[in-house]
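>>> model the structure of this input:
(2 chains)
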Amino acid sequence: MNELAASYSSAAARPALPMLNVRIAWRNLWRNPRRTWLTASGIAFAIMLVVFAMAMQLGQYELMMDNATSMLSGHLQVQSRDFVETERFEDTLPGATELVRLVESWPSVLSVAPRVEAFALASAGERSFGAMVVGVDIEAESRTVRFLDFIQSGHAPQGPGEAMLGSVLARNLGVGLGDEVVILGTGKKGGMAAMLLEVVGLFTSHQLELDRGVLWTPLASVQEAFGLGDEVHTLAIRTNDLASSADTQRALADHLAQGAPDSPALVRNWDEVMPELHQAIEIDKLGGDLFFYIVEILVLFSVVNTFIMTVFERTREFGMLLSIGTRPWRIVALVQWEALFIWAVGAAIGLGIAALLVFWLAEVGLYMGEQLSEYTAQFYMPERLFPAFSIEAFTNAPLVMLVGTQLAALVSSVRVRRMRPVEAWRAAE
Amino acid sequence: MADDVVVCRGVTRTYQDDAVPVLALQGVDFTVTKGEFVSLAGPSGSGKSTLLNVIGGLDRPDAGGIHVDGVHLNELSESELSDLRLSKMGFVFQAYNLIPVLSASENVEFILQLQGLPAAERAERAQAALDALGVGELAHRRPGELSGGQQQRVAVARAIVTEPVLLLADEPSANLDSNTTEELLALLRSLNETRGVTILAATHDPMVMSFAKRRVQLRDGMIAEDSARVAVA
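Sure thing, here's the model as predicted:
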């Protein structure tokens, strides 16, 4: 083997150096391992805390939304456009049977519960109170919402002439199971609507508005008494995924526009039906985000400090690199690589610990304490909180810290761009 | 002249030392021709390092012009000076100044990577340079695992691996014992004689001066004595 061939053979046996700068950056991290670990630990802590807290926060929101929508409203609702604006009794959805069939035919719709809502006077003996008479299909309701879980005594109304009352309304009227209640209202065409109902069930939802003013009775009875025919006010819908209900809303709206072009039907998502819940979540989320950003910014200050020290300590080295012909941007790039690696170490640790915590709590849940459990039990919420597996929770903090560490390194290495070799030598002496 | 590697005309440089202006170079006229081995000697503060710095494009003169291999340094931007240093000059520093996290061969390859050479060629040339300097066996050791003399040999290998027009050495023997200094100087002279590398070394080490073919003595920022001029005279 001649000398040149031997030289090539020797070179081939060694690892290639496609990215020498990257290698330098990685090794530079471990020139001061204590400082590297401290900085990476800060990044890891911030990422772990934010990812975990955000997963719990989103889990709590999911639980709130699930409880709120599954209690009564459903994930989506279809109502007449006019009814949404005016809530007038006359603004109904005609052709309800066909409309229900059309909605049920959409793949992501699990069930549909048609409802009629009529204000009327409920009387028993000498007592009379205003009440919302809700005509429901009990079978459909049991598939769509879990309002029947709130039955305190008796059972849901199964046939004509049966009613289920809110416990406060029943108490106000002075009625119990087996007693009769007279309903008097105004039909769609202005005539009197009258019903004689037997109390077969009482419910307590702990929502005073419902417990004090709502009465459930079979849909057909209300439609007949109030002269509605095949009309309803609301279709409450359960979809296969609450998180994507907005997508279903849009798709279903298109589906109805094609299948029933003359219908005044408007599809509304849960956040439009319950804007107060949506706003409460948004405000809480804003507060949470503010806390997360404060944690991240505090940690980033320590990262800035690390890189200022790094650049300061290596002024002489940077002077040498400039002297032998290294362009300043290459040195800046080197520092940026170091920032990337220190972030990667911190992010790997932080995400790893957060993922373990989230996976574990997804199995066992976070017990909220005895007092809180008693409180939440009243609202049929579980006594344990479960974190949400959300891409947002797992990517937000790492991305913020990535951008932050890159900026921290850039701020620190900006002086390298203006550094002249001889000044670097002198500064280091 | 076509063989002139360095031409300085009326080079002046003043810098501030604690707000006190120090005249480091006062109208220096100086030429180095291809293949010379020149020592810049003089006491501390005589201006030898400053002259080396302005010739190397590490610093700029306040007045006067400098040409290196026909290129007028005064007209170059910082980036262009950087490229010139990379393509035409090699540097050997007093404190070796190797990259501590890279092995000897990686240190030598680093400068070739800056020049954009492919990995295989880099590896081959780096190994050849280290072999030429007698430290080929130590290619995989990091600077911290090498003696001062070995580190300086690696630094020289890094300086010559790009086959520069001009090798600038600033006090190359300052941290070496006499035996190692002698070995290093023999090496530099060999490079000068066999490869025709032009060498300009700032020093106040008599041994370095004795190895150089031409001695230039600086005093108070001016050339006090130049063996070439004496020879001509």
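>>> so where does B:Glu124 fall, helix or strand?
helix B:119-132 (DSSP states H and E).
>>> what's next to the host helix or strand of B:Glu225, contact-wise?
Using DSSP H and E, B:Glu225 sits in strand B:222-226. With C-beta atoms under 8 Å, 6 or more residues apart in numbering or on different chains as the test, strand B:222-226 has contacts from B:25-30, B:42, B:47, B:214-218. All C-beta spots, glycine's among them, are computed from the backbone N, C-alpha and C.
>>> could you look up the SS state of the residue in the stretch 301-429 of chain A that chain B sits nearest to?
Residue of the stretch 301-429 of chain A nearest chain B, by C-beta to the nearest C-beta: A:Gly325 (2.6 Å). Recorded secondary structure, A:Gly325: coil (DSSP: H, G, I helix; E, B strand; the rest coil).
>>> what strand or helix carries the residue nearest to it when sequence neighbours are not counted?
Leaving out its chain neighbours, the residue that sits closest to A:Gly325 by C-beta to C-beta, 6 or more residues apart in numbering or on different chains is B:Leu86, at 2.6 Å. Assigned by DSSP H and E, B:Leu86 belongs to helix B:78-88.
>>> pull out the buried positions in that helix.
Judged by neighbour count using 16 or more other C-beta atoms under 10 Å in any protein chain shown, the buried positions of helix B:78-88 are B:Glu78, B:Leu81, B:Ser82, B:Asp83, B:Leu84, B:Arg85, B:Leu86, B:Ser87, B:Lys88.
>>> and it, how far out from the chain middle?
Once both centres are worked out by C-alpha atoms, centre = their mean, to the nearest Å, helix B:78-88 turns out to sit 14 Å from its chain's centre.
>>> low pLDDT regions in chain B?
In the predicted model, chain B carries pLDDT under 70 at residues B:1-2, B:229-233.
>>> show me where it has helices.
With helices called from DSSP state H, chain B shows them at B:48-55, B:78-88, B:104-114, B:119-132, B:148-160, B:178-194, B:206-211, B:227-232.
>>> of all those helices, which lies closest to A:Ile24?
helix B:104-114 (7.9 Å; C-beta to C-beta).
>>> what's in contact with that closest one?
With C-beta under 8 Å, 6+ apart as the criterion, helix B:104-114 contacts A:14, A:17, A:20, A:23-24, A:324-326, A:330, B:86, B:98-99, B:102, B:121-123, B:125-127, B:129-130, B:135, B:138-143, B:146, B:154, B:157-158, B:161-162.
>>> filter the residues you listed to the buried ones?
With burial judged by 16+ other C-beta under 10 Å, the buried subset of the contacts of helix B:104-114 is A:17, A:20, A:23-24, A:324-326, A:330, B:86, B:98-99, B:102, B:122-123, B:125-127, B:129-130, B:135, B:138-139, B:141-143, B:146, B:154, B:157-158, B:161-162.
>>> angle of the helix holding B:Leu86 against helix B:104-114?
When axes from the mean of the first three to the mean of the last three C-alpha atoms, to 10 degrees is applied, the directions of helix B:78-88 and helix B:104-114 differ by 130 degrees.
>>> wait, A:Gly325 sits on B:Ser82?
Yes. Proximity of A:Gly325 to B:Ser82 meets the contact threshold set by C-beta atoms under 8 Å, at 5.4 Å.
>>> for the residue most central in space within chain B, which residues make a bridge with it?
In chain B, the C-alpha nearest the mean C-alpha coordinate belongs to B:Leu168, at 1.0 Å (C-alpha atoms, centre = their mean). Beta bridges link B:Leu168 to B:Phe91, B:Leu200 when assigned by DSSP bridges.
>>> how much space between it and A:Asp179?
To A:Asp179, B:Leu168 is 108 Å away according to C-beta to C-beta, to the nearest Å.
>>> and the residue of the stretch 51-200 of chain A found nearest chain B, helix, strand or coil?
In the stretch 51-200 of chain A, no residue comes nearer to chain B than A:Val51, which is 32.1 Å away by C-beta to the nearest C-beta. State at A:Val51, reduced to three classes by three-state DSSP: helix.
>>> excluding its backbone neighbours, what's nearest it?
A:Ala354 is the one closest to A:Val51 (C-beta to C-beta, 6+ apart), at 3.8 Å.
>>> contact partners for the one you found?
A:Ile47, A:Met48, A:Val51, A:Phe52, A:Ala55, A:Phe394.
>>> most neighbours of all these, which one?
Per-residue neighbour counts (other C-beta atoms under 10 Å in any protein chain shown) across the contacts of A:Ala354 peak at A:Ile47, which has 30 neighbours.
>>> quick one: is the longest helix seen in chain A near chain B?
Counting residues, the longest helix found in chain A (DSSP H) is helix A:275-313. No. Using C-beta under 8 Å from any C-beta of the partner chain, helix A:275-313 stays clear of chain B, with a minimum separation of 11.9 Å.
>>> quick check: buried residues in that helix?
Under the neighbour-count criterion of 16+ other C-beta under 10 Å, helix A:275-313 has A:277-278, A:281, A:288, A:292, A:295-296, A:299-300, A:303-304, A:306-308, A:310-311 buried.
>>> three-state assignment of A:Ala348?
Under three-state DSSP, the three-state class of A:Ala348 is helix.
>>> separation between the closest residue to chain A within chain B and A:Trp337?
When distances are taken as C-beta to the nearest C-beta, chain B reaches nearest to chain A at B:Leu86, 2.6 Å away. Using C-beta to C-beta, we find B:Leu86 at a distance of 21 Å from A:Trp337.
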